[in-house]
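I need the structure of the sequence given here:
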Amino acid sequence: MRRGKWLIWVWLWALAAPAAMGAALVTKGANEIAVAGKLDFQSGMGADFKLDLRYAYFFIDRWSLGLRGTVADNDFENYFSAGVFSEYNFWLPEGFKPLVGTDLVPYVGLLLDYRHAEIHNLGTEDAGILGGEAGLKFFLTDTTAVTLALVGEVASEDVYVDDDEATNRDLYLMLGMRFYF
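I've put the predicted structure just below:
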């Protein structure tokens, strides 16, 4: 019986490995769900929470358009934002395949957001945001990717906190997961 279990496992892995070695699913008609965020219980500003959710549709190969929403809260500031974004995904030449996973896909994106922010001792602000991002998607399978992006945003009002002061610009790294179907 024990030998039979091992044979079944080997057979399943033999079938699963080729299925994982497909190409990244960034083609027309694909859908994307993205999740990124953080939870820090002991930050300098109390418990620090941020969640960024996105949904996108690829209306042509490698180009998506979608909706995004973000909520964040700590003892110094809290905000929510909602908006739209667009991303273009590049193809790397065949020689740039990763050692594990299926694909590396660099991308650039633009975003437009509305943000409502409450900053401690500074009041409440509503702002329009224009942002850009450049990043890399590391596909673990053809439908799952880990992403790392550099994001820059400029707001119409002071809705960001930098060194305990309100500002209208922000630059940060975002690490997340993306799922395609």
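
ok but residue 158 is inside a strand, no?
No: with DSSP: H, G, I helix; E, B strand; the rest coil as the criterion, residue 158 is assigned coil and is not in a strand.

Just want the phi and psi numbers for it.
phi -80, psi 90 (degrees, to the nearest 10).

so which helix or strand takes in the closest residue to it other than its chain neighbours?
Distances taken as CB to CB, 6 or more residues apart in numbering place residue 166 nearest to residue 158, at 3.7 Å, with adjacent residues excluded. To be clear about C-beta, it is placed using only N, CA and C from the backbone, and glycine gets the same treatment. In this assignment (DSSP states H and E), residue 166 forms part of strand 165-167.

ranges for the strands of this protein?
Using DSSP state E, the strands of the chain run over 31-43, 46-60, 63-73, 77-89, 103-119, 123-141, 144-155, 160-162, 165-167, 169-180.

Return the list of strands paired to the fifth one, each annotated with direction.
In the sheet, strand 103-119 lines up against strand 77-89 (antiparallel), strand 123-141 (antiparallel) (DSSP bridges).

could you give the angle of the longest one to strand 31-43?
Here strand 123-141 points in a direction 120 degrees away from that of strand 31-43 (axes from the mean of the first three to the mean of the last three CA atoms, to 10 degrees).

quick check: angle from strand 123-141 to strand 144-155?
Using the same axes, to 10 degrees, the inter-axis angle of strand 123-141 relative to strand 144-155 is 160 degrees.

give me the low-pLDDT residue ranges for the protein?
In the prediction, the chain carries residues with pLDDT under 70 at positions 1-23, 42-46, 97-101, 164.

of the strands of the chain, which approaches residue 25 most closely?
strand 169-180 (4.0 Å; CB to CB).

mind putting the strands of the chain in CSV, mean neighbour count and distance to residue 95 included?
Converted to CSV, the strands of the chain look like this (neighbours: other CB atoms under 10 Å; distance: least, CB to CB, whole Å):
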stretch, mean neighbour count, distance to residue 95
strand 31-43, 14, 26
strand 46-60, 16, 25
strand 63-73, 17, 24
strand 77-89, 17, 18
strand 103-119, 18, 11
strand 123-141, 17, 16
strand 144-155, 18, 20
strand 160-162, 18, 40
strand 165-167, 13, 43
strand 169-180, 15, 24
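
Next up, the contacts around the closest residue to residue 107 other than its chain neighbours.
Among residues not flanking residue 107 along the chain, residue 89 sits closest, at 4.6 Å (CB to CB, 6+ apart). Taking CB atoms under 8 Å, 6 or more residues apart in numbering as the criterion, residue 89 is in contact with 24, 26, 62, 63, 64, 105, 106, 107, 137.
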